[in-house]
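Undergrad: coords please:
(chains A and B)
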Amino acid sequence: MKHRKLALIGSVILAAAMVTGAFAGEAETLKIGLVCPISGNSAIAGKYITHGVDTAQAELGGKVTAKDGTEYNLEFIYMDNEAQEDKTVNVFQKLIEEEEVIAIVGPDMSKCALAAGPIAQNAGCPVVATFATNTAVTEVGDYIFRACFIDPFQGKMAANYIWGKGYKTTGIMYNNADAYPTGLVDAFKEVYEGLGGEIVAIEEYSGSDIKDYNVQLTKIASAEPEALFLPNLLGELGLQIQQARSAGLTCPIVCGDSADTPEVGEVAGEAVKGVGYVSAFSAESTADAAVAFVEKYTELNPDELPNSNAELAYEATMMVANAIENADEVTREGVRNALASIQDLELPSGKMTMAEDRNPIKGGVVMEYDEEGVSHFVEAVAAD
Amino acid sequence: MSGKRIIKSIYPALILVVLYVVITTLRSVKVLNGYYIQVLMFASINIIMTSSLNLVNGFTGQFCIGHAGFMSLGAYGASVITSMVFKNAPAGATIPVYLLGLFIGGCVAAFFGLLIGIPSLKLKGDYLAIVTLAFGEIVRALLRLMKPIGGARGMIGIPMISNLGWIFLFLGIVLYALRNLIYSPFGRAFIAIRDNEIAADAMGINTTFYKITSFVIAAFIAGLAGGLYAHVVGFIQPDSFSFTKSSDFLVYLYAGGSGSLTGSIVGATLLTILPEILRFLSEWRLVIYAIILVVVMIYRSEGLVGGKELPFLRITRKDLYGGTLPQASSAGGKEET
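TA: Numbering: from 1, shown residues only, chains lettered A, B, ... in the order given. Sure, this is the predicted structure:
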């Protein structure tokens, strides 16, 4: 009885697959993998990333036309990596070997990109990491690209901004357990001290599961810095900003690009007022591509504004789509070559050119939160 | 040793060889792709880790909850050997260097196992659990501070040498060694300590000695698994071996059934593969996974296998004594005072 039921279900599925297959038979389908944390600690980032890719998908209408005029349907396969390296490795294998994707968008974290990069490299499948800012990511091999700027540039932006505002002393508190904060701190120190600034207090903590930063913040407060640099992860920043204010640190606070999420303001409450951060993109940008992107995004997700996670996922997807359009042949290798030669592609964050080291040449922006927890554009920073 | 016993002792190895041949054949005819192989490799490494934890938690009755710490020591130890010390080794030396790395990784882990085992195994139950938890965190914090081996960013560019063949080989060796150890008179002392430490003590078993030994052996095996893992992924960082990882192994152990090697195999394999099978559920995946786990623990609180062993992982009295009753040779016999 059970077997008959199973057989029945099986044949129904088979028939359905055949029918849909017959209809979709006109154009060939290209699969693009998307790897991001849909569950786990970083699920907030995953939400924006999937929305960003949804937007790109809607804009492309699910289709691309290759150089030779053939039209391809695009199919996006979303994969959850739980922000863990070994899961990312599994997912990459699944996408490359089983789904036979032409390219992969993501992952968003450097550690995941570093772990899974060699797999894509060995299989010859192009990857455009969205938010993996660590320099080592694209050094894995010539199939690994990224859509974001790199940590040293971000640290430099923050240092220039703080120095430019006239703050001569800075305190830093950072998570020494993660490559992102350590990378930013190293670059920040180098540039800031090079400019003549002094880092008066530097405090560390380990891991994202810490919720109480009062010890470190009180120590920093006693050094009375003119500014505070918090280059930490999204889940940590809200509490840190709140606790910094109650520890008596009234100085301006500057964060890395992970602060670019409304959730930071929601956790920090009123304390978030005046907190600045460096970012890839501002939703207030007036460039045509940016306005169009924000419009499309808010149309699909009425209750939220895109942050840089969403925007970078969108840009990475558009880069892949652009590469498929311009590829000499629609293969993984062809797409890789086309990705490597992207020039002056119009994207929401401005015109982007792929450098020889597979890092995009693009600028950034400095943003600041108001008392409502909404961030506003302060200034644009040109590319190096 | 009779012919029958020899066959029995290499039985598990034969099963793995057969499995390996089947898998590689399926792989070559493209029924299985790299993804399945990858998941199988992780599952096998998890089996090694879970069996190692089983030796301490399941067979010796101690409670270690920082096992990922030993794994990380092994991973780093092995990776330092293969990708730093012998970085420029000639191509022919890759495998010997790899094996040396795995061995050294295991030794590093065993050494630290001894180091923390000596002072802490005098502790019992909950207290020991806290010490091992702290140990895992200390290792993680220390590794982050070591810039030459990557610090918080982790080590990159580790040669990806571990393949299914190597991992199956070590899995076979580990299971074989653990089975023979546990059912030897030496291993019986572990079980005696688990079942009743005071009684074991009264029988003349030096409980601290046996507890430390079991801990060190388990640490060695965990280090070995760490080395294998590092050479699968090619990238390790301290946070890969956080408390979450330790707790994963505890879940595999208790869901499979502690005190049973079969339980470790079943638990680690099922729970590594299950989240992958459930991928089609997308965001509901981990919810369903957790529900399955809860249901299993409610209906089979002794674990899926619960104290039973597969025939080839079981040694009966007959195997030990060839059918005759032992001549007053108890586990702690050598330590009579």
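Undergrad: for B:Y98, which non-adjacent residue is closest in space?
TA: B:I161 (4.8 Å; C-beta to C-beta, 6 or more residues apart in numbering or on different chains). (C-beta placed from N, C-alpha, C; glycine too.)
Undergrad: three-state assignment of the one you found?
TA: Under DSSP: H, G, I helix; E, B strand; the rest coil, B:I161 falls in the coil class.
Undergrad: burial check on it, number of neighbours?
TA: Using other C-beta atoms under 10 Å in any protein chain shown, the number of residues around B:I161 comes to 20.
Undergrad: B:F209 too?
TA: 12.
Undergrad: and it, how close does it get to chain A?
TA: Remark: distance between B:F209 and chain A (C-beta to the nearest C-beta, to the nearest Å) = 35 Å.
Undergrad: now that residue: phi and psi?
TA: phi -60, psi -50 (degrees, to the nearest 10).
Undergrad: show me what contacts it?
TA: For B:F209, the contact set (C-beta atoms under 8 Å, 6 or more residues apart in numbering or on different chains) is empty.
Undergrad: for the one 4 residues further on, same thing?
TA: Contacts of B:T213 were listed using C-beta under 8 Å, 6+ apart, and none were found.
Undergrad: how about the residue nearest to B:Y98, what does it touch?
TA: B:82, B:94-95, B:98, B:231.
Undergrad: could you do A:A223 as well?
TA: Contacts of A:A223 by C-beta under 8 Å, 6+ apart are A:169, A:171, A:200-201.
Undergrad: excluding its backbone neighbours, what's nearest it?
TA: Per C-beta to C-beta, 6+ apart, closest to A:A223 is A:A201, 3.8 Å.
Undergrad: how far away is that neighbour from A:F229?
TA: Between A:A201 and A:F229 the computed distance is 10 Å (C-beta to C-beta, to the nearest Å).
Undergrad: run a quick neighbour tally on residue 107.
TA: Using chain A. Residues near A:P107, counting by other C-beta under 10 Å: 34.
Undergrad: think we crossed wires, I meant chain B
TA: 17.
Undergrad: please apply the same query to the one 4 residues further on.
TA: By other C-beta under 10 Å, the residues close to B:F111 number 15.
Undergrad: of the contacts of B:I161, which belong to helices?
TA: Judged by DSSP state H, the contacts of B:I161 include B:94-95, B:98, B:231 as members of helices.
Undergrad: let's see if you can find the most crowded of the residues you listed.
TA: B:H231 (26 neighbours).
Undergrad: list the contacts of that one.
TA: Counting by C-beta under 8 Å, 6+ apart, B:H231 touches B:78-79, B:82, B:98, B:101, B:158-162.
Undergrad: could I have the buried ones of those residues as ChimeraX selection syntax?
TA: Of those, the buried ones can be selected in ChimeraX as follows, counting by 16 or more other C-beta atoms under 10 Å in any protein chain shown:
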select /B:78,79,82,98,101,158,159,161,162
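Undergrad: any chance of the contacts of B:H231 in a markdown table with distance to A:G269 as columns?
TA: As requested, these are exported to a markdown table (distance: C-beta to C-beta, whole Å):
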| residue | distance to A:G269 |
| --- | --- |
| B:A78 | 47 |
| B:S79 | 44 |
| B:T82 | 50 |
| B:Y98 | 54 |
| B:G101 | 51 |
| B:I158 | 44 |
| B:P159 | 49 |
| B:M160 | 47 |
| B:I161 | 51 |
| B:S162 | 49 |
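Undergrad: pLDDT below threshold where in the stretch 1-150 of chain A?
TA: A:1-26 (pLDDT under 70).
Undergrad: which stretches in it count as strands?
TA: For the stretch 1-150 of chain A, strands defined by DSSP state E, counting those that start in this stretch occupy the ranges A:28-36, A:63-65, A:71-80, A:103-105, A:127-129, A:144-146.
Undergrad: what helices or strands is the first one leaning on?
TA: Contact analysis of strand A:28-36 by 3 or more C-beta pairs under 8 Å, 6 or more residues apart in numbering or on different chains; DSSP states H and E lists helix A:43-60, strand A:71-80, helix A:85-93, strand A:103-105, helix A:308-326 as its packing neighbours.
Undergrad: run the chain-centre distance for the shortest one.
TA: Centroid displacement of strand A:103-105 relative to its chain, using C-alpha atoms, centre = their mean, to the nearest Å, is 14 Å.
Undergrad: now do the second one
TA: Relative to the mean C-alpha coordinate of its chain, strand A:71-80 is positioned 19 Å out (C-alpha atoms, centre = their mean).
Undergrad: which residues are common contacts for A:A201 and A:F229?
TA: A:171-172.
Undergrad: contacts only, for the residue most central in space within chain A.
TA: Taking C-alpha atoms, centre = their mean, the centroid of chain A lies closest to A:F131, which sits 2.8 Å from it. Residues near A:F131 by C-beta under 8 Å, 6+ apart: A:45, A:108-109, A:147-148, A:257, A:308-309, A:312.
Undergrad: could you do B:E283 as well?
TA: A:38-39, A:80.
Undergrad: the residues you listed: which ones sit near chain B?
TA: A:38-39, A:80 (C-beta under 8 Å from any C-beta of the partner chain).
Undergrad: out of those, who has the most neighbours?
TA: Of the ones next to chain B among the contacts of B:E283, with other C-beta under 10 Å as the count, A:D80 tops at 25 neighbours.
Undergrad: surely it touches A:L34?
TA: No. A:D80 is not in contact with A:L34 according to C-beta atoms under 8 Å; the separation is 10.0 Å.
Undergrad: on that earlier part again, and the ones next to chain B among the contacts of B:E283 as TSV, adding distance to B:L53?
TA: Formatted as TSV, the ones next to chain B among the contacts of B:E283 follow (distance: C-beta to C-beta, whole Å):
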residue	distance to B:L53
A:I38	29
A:S39	25
A:D80	27
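Undergrad: before we move on, the earlier item: which one among the contacts of A:F131 gets closest to chain B?
TA: A:M109 (11.0 Å; C-beta to the nearest C-beta).
Undergrad: I'd guessed the closest one sits against A:S42; true?
TA: Yes. When contacts are counted by C-beta under 8 Å, A:M109 is listed as touching A:S42 (7.1 Å).
Undergrad: now do the same contact list for the residue lying closest to A:K87 once chain neighbours are set aside.
TA: Nearest residue to A:K87, sequence neighbours excluded (C-beta to C-beta, 6+ apart): A:N81, at 4.8 Å. Neighbour list for A:N81: A:35-37, A:87-88, A:91, A:106-107, A:112 [criterion: C-beta under 8 Å, 6+ apart].
Undergrad: tell me the buried residues within these.
TA: If we count by 16+ other C-beta under 10 Å, these have these buried: A:35-37, A:87-88, A:91, A:106-107, A:112.
Undergrad: which of those residues sit farthest apart?
TA: Largest separation among these by C-beta to C-beta: A:K87 and A:G106, giving 12.3 Å.
Undergrad: which helix or strand contains the closest residue in space to B:G227 that isn't next to it in sequence?
TA: Residue nearest to B:G227 in three dimensions, not counting chain neighbours: B:A78, with 3.1 Å by C-beta to C-beta, 6+ apart. Using DSSP states H and E, B:A78 maps to helix B:67-80.
Undergrad: and the closest residue to A:T29 other than its chain neighbours, what are its bridge partners?
TA: Excluding the flanking residues, the one nearest A:T29 by C-beta to C-beta, 6+ apart is A:N73, at 4.5 Å. When bridges are called by DSSP bridges, A:N73 pairs up with A:T29, A:K63.
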